[in-house]
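Novice: requesting a structural model of the entry that follows:
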Amino acid sequence: AFTWLLHFTLVVPYVTQDNWLLHPYLIIYLKNIHRLKHASDTGTFDEEGRMYPGKFEQIWGVLGAEELRSYDDVKRLVRANKDVADPVGWLASTISWTLLWLVARDERGVVSREAVRSCYDGTLFYRIAEARRARALASKYE
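Specialist: Model prediction:
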């Protein structure tokens, strides 16, 4: 769903291109990923792609909790980071956090602090794959 949504809109592949023509394979060029920063993001990463631990901690200060317990927490977080003159950024933040909530929540519907951190450091999908593999093995031997 992430890949389809990202590429269906063509915003990410187009903005990261080096030229005016869109690559036929919709490649995302990471060297130009800074072009996708918007005013309504959490500010956890700078233009060079370095993570600010203090900004990551501010996410949880806005919520007053250590986890996203429901979709209402997601909406509250997006509202707290909205920039008045950035409606495209509102949409981007809403889509990003909603997809994170859908993918990273556990069986209780909670997204933990570690799940969000793993999204930021790029290990979320490895964790999800490992959890699914463990569940499949457990059900296989029951």
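
Novice: dump the residue contacts of Arg79.
Specialist: Arg79 makes no contacts at all, as judged by C-beta atoms under 8 Å, 6 or more residues apart in numbering. For the C-beta atoms, the positions are set from N, CA and C on the backbone; glycine is no exception.

Novice: with the one 4 residues further on instead?
Specialist: When the contact criterion is C-beta under 8 Å, 6+ apart, the partners of Asp83 are 38-40, 89.

Novice: then Tyr52?
Specialist: 43-46 are the contacts of Tyr52 under C-beta under 8 Å, 6+ apart.

Novice: pick out the residue closest to the middle of this protein.
Specialist: Ser96 (4.7 Å; C-alpha atoms, centre = their mean).

Novice: quick one: that residue and Tyr120, what's the gap?
Specialist: Between Ser96 and Tyr120 the computed distance is 11 Å (C-beta to C-beta, to the nearest Å).

Novice: check Gly109 too.
Specialist: 21 Å.

Novice: the more surrounded of those two?
Specialist: Tyr120 (15 against 11; other C-beta atoms under 10 Å).

Novice: dump the residue contacts of the more buried one.
Specialist: 44-45, 51, 56.

Novice: mind showing which ranges of the chain have poor pLDDT?
Specialist: 1-13, 47 (pLDDT under 70).

Novice: and the helices in it, which stretches?
Specialist: 2-9, 11-15, 53-63, 71-80, 87-104, 113-121, 124-140 (DSSP state H).

Novice: residues near Arg135, how many?
Specialist: Neighbours around Arg135, by other C-beta under 10 Å: 10.

Novice: return the residues in contact with the closest residue to Arg127 other than its chain neighbours.
Specialist: Using C-beta to C-beta, 6 or more residues apart in numbering and skipping residues adjacent in sequence, the residue nearest Arg127 is Ser118, 5.5 Å away. Counting by C-beta under 8 Å, 6+ apart, Ser118 makes contact with 104, 124, 127.

Novice: and Trp97, how many residues sit next to it?
Specialist: 22.

Novice: what about it, distance to Tyr126?
Specialist: For Trp97, the distance to Tyr126 - C-beta to C-beta - is 21 Å.
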